[in-house]
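> coords below, sequence missing:
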C-alpha cells in the first residue's frame, strides 16, 4: 500500500516530465514524416494512469500538456490538452486490469484525437499524395510509444503501481 504523499509525488513527477520531454523530443525526428518528431512525451500521462489510476492519468495529461503548451507557446500543445487528458484517463481505467499492452495501446487515443483536432483546426493539412507516408509515420510513432510504455511499466511496476487508484 502506498501513502497518498507518494502517489502525489508520482503524479507530479509524470506531470512535470511531460513538458521536459516535450523539449527533448524536438530532437528525435520521425523517420517517416519530414519535419515531424516522435512525441515520446505522450507516454507520461499513460504511465501516470497505469500506475496511479484514471484521475491521476487525466491530471497528468491535462496539466502536463497545458504546462508544455504554455511554456512553448505551441498551438499544437493547446489543442492536445483534451486528447491527452482522455488518453491518461483511459490508461488509468485499463491499468486496473494490469495488462501492460492494453494500457500502452491507449496511446492510440491520444494520437488519433490529436490528428483529428489538428486537421479540424487547420493546423495540419495532409495532401492526397502524403496520406500513406503520414499514416506510416503515425503508425511508427505509435509503435515506438507502445514499446517504450511496456518497457517502463515492466521496469517500474514494483515500485510505482498503486492498488488504491484514483
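All right, it came through fine. None of these values were measured; they are calculated from a predicted model.

> SS state for the residue with the largest distance to the centre of the chain?
In the chain, residue 129 marks the outermost C-alpha relative to the chain mean, sitting 28.3 Å out by Cα atoms, centre = their mean. Three-state assignment for residue 129 (DSSP: H, G, I helix; E, B strand; the rest coil): helix.

> elements contacting whichever strand or helix holds residue 149?
Assigned by DSSP states H and E, residue 149 belongs to helix 131-160. Here helix 131-160 touches helix 43-52, helix 100-104, helix 107-120, going by 3 or more Cβ pairs under 8 Å, 6 or more residues apart in numbering; DSSP states H and E. (Glycine included, C-beta is placed from N, CA and C.)

> chain center to the shortest one: distance?
Pointing back at helix 100-104 there. From the chain centre to the centre of helix 100-104 is a distance of 13 Å (Cα atoms, centre = their mean, to the nearest Å).

> what's the answer for the first one, then?
Centroid separation between helix 43-52 and its chain, computed with Cα atoms, centre = their mean, is 8 Å.

> returning to that earlier point: ok, which of the helices and strands packed on helix 131-160 comes nearest residue 156?
Nearest to residue 156 among the helices and strands packed on helix 131-160 is helix 43-52; the distance by Cβ to Cβ comes to 7.4 Å.

> tell me which residues in the closest one are buried?
By 16 or more other Cβ atoms under 10 Å, the buried positions in helix 43-52 come out as 43-52.

> which of those residues lies closest to residue 102?
Distances from residue 102 to those, taken as Cβ to Cβ, are shortest for residue 50 (9.6 Å).
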